[in-house]
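1. mind looking at a prediction? Sequence and model below.
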Amino acid sequence: MKIAILSRNARLYSTNRLIEAARIRGHSVRVLDPLRCYMRIEPKAFEMHYRGRVLSDYDAVIPRIGASVTFYGTAVLRQLEMMGLYTPNPSDAILRARDKLRCHQILAREGIGLPRTVFGDNPDDTADLLRMLGRPPHVIKLNEGTQGTGVILAERSSSARSVIEAFRGLYANFLVQEFIGEAKGADLRCFVVGGKVVATMRRQAMKGEFRSNLHRGGTAKAVVPSAAEVDTAIRAARVLGLNVAGVDLLRSRRGPLVLEVNSSPGLEGIEAATRIDVAGAIVDYLDACVRRRRRKAAKRS
């Protein structure tokens, strides 16, 4: 199998582990910087070039598209999909997950638990918006923030209004959510591959911090998720159309709540905490899907 990995840096842990896992299994793999890919769009004649050469004969592509290059990266991925490459995470699924508001609307439509969330645009509606949410503390988060950036905890309604005014002054899109105090600064990262939870870690925020992201000083350890947590993680990934996803859950009195669904989840923290070969699970799933496609194509011919 010939695999392309869309990544801006081949030396990143996650990218390097996918390269290693693919080569151990005898596959050919190449890392492509999505910003160096360029394309021709023409009826029945899609073409992609990379650093002056035509890209051809690839079987599959693994997208590792950072938030800062979402627009161009998903355009490149979409072109590769139209050229017939298999991807576990289609471009439209990545866009659904990357937009927190859209993601939460889809999850809510499917009855999947999540923190109560409000969204509004006009400053005149802020007081009523916060009344819709309920008593503070409130969590205000940028719609496209990552790794805990752009997430603020407001202990009082007056603080929430101040943060909201500041974000509106920057013309930023943001959500406001209820704070789940019983989670005690911890969440679960369930790593879903091919409709199965292959690894789970519990992340705990450092003292004085409510964000449990490892990039924010949080710690992680392997845990066994409950049946309800497994079901929620799998459903969340499925309704967004993702076959590889990091689903972040909060443990609450009303059951597991989806905090976020990450379409390009990092491998370093979860592999270190669980000692599970998550990169290998991704490559094995990719291999099985490509083989299945080949068998179907052979039957049609």
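-> Received, thanks. Residues are numbered from 1 along each chain as shown.

2. please make it C-alpha for all contacts and neighbour counts, starting now.
-> Will do.

3. neighbours of Thr126, how many?
-> For Thr126, the count of nearby residues is 17 (other Cα atoms under 10 Å).

4. pLDDT weak spots in the protein?
-> 145-149, 208-217 (pLDDT under 70).

5. any idea which residue sits dead centre in it?
-> Asn262 (1.4 Å; Cα atoms, centre = their mean).

6. the closest residue to it other than its chain neighbours sits in which helix or strand?
-> What sits nearest to Asn262 in space, not counting adjacent residues and going by Cα to Cα, 6 or more residues apart in numbering, is Gly246, at 4.9 Å. For Gly246, the host element (DSSP states H and E) is strand 244-252.

7. neighbouring strands - and their directions - for that strand?
-> The pairing partners recorded for strand 244-252 under DSSP bridges are strand 186-193 (antiparallel), strand 255-262 (antiparallel).

8. wait, Pro90 touches Ala245, no?
-> No. The pair Pro90 and Ala245 fails to qualify as a contact (Cα atoms under 8 Å) at a distance of 11.9 Å.

9. these two: who's more crowded?
-> Using other Cα under 10 Å as the criterion, Pro90 and Ala245 rank with Ala245 on top: 31 against 22.

10. any idea what the more buried one is bridged to?
-> Val192.

11. ok, it to Gly185 distance?
-> From Ala245 over to Gly185 the distance is 22 Å, taken as Cα to Cα, to the nearest Å.

12. give me the neighbour count for Leu32.
-> Around Leu32 there are 19 residues (other Cα under 10 Å).

13. what do you get for Ala186?
-> Neighbours of Ala186 using other Cα under 10 Å come to 22.

14. and it, how far from Val163?
-> Taken as Cα to Cα, the span from Ala186 to Val163 is 24 Å.

15. do the same with Asp92
-> Taking Cα to Cα, one finds Asp92 at 31 Å from Val163.

16. any idea which helix or strand carries Asn16?
-> Using DSSP H and E, Asn16 sits within helix 13-24.

17. what's the first helix or strand after that helix?
-> Helix 13-24 is succeeded, C-terminally, by strand 28-32 (DSSP H and E).

18. using PDB, list the CA coordinates for the following helix or strand past that following strand.
-> For strand 28-32, the following helix or strand on the C-terminal side (DSSP H and E) is strand 37-40. What follows is strand 37-40, C-alpha atoms only, in PDB (Å, rounded to 0.1, in the frame of the first residue of the first chain):
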ATOM      1  CA  CYS A  37       0.400  20.700  -2.900                       C
ATOM      2  CA  TYR A  38      -1.300  22.500  -5.700                       C
ATOM      3  CA  MET A  39      -4.000  21.300  -8.000                       C
ATOM      4  CA  ARG A  40      -5.800  21.500 -11.300                       C
END
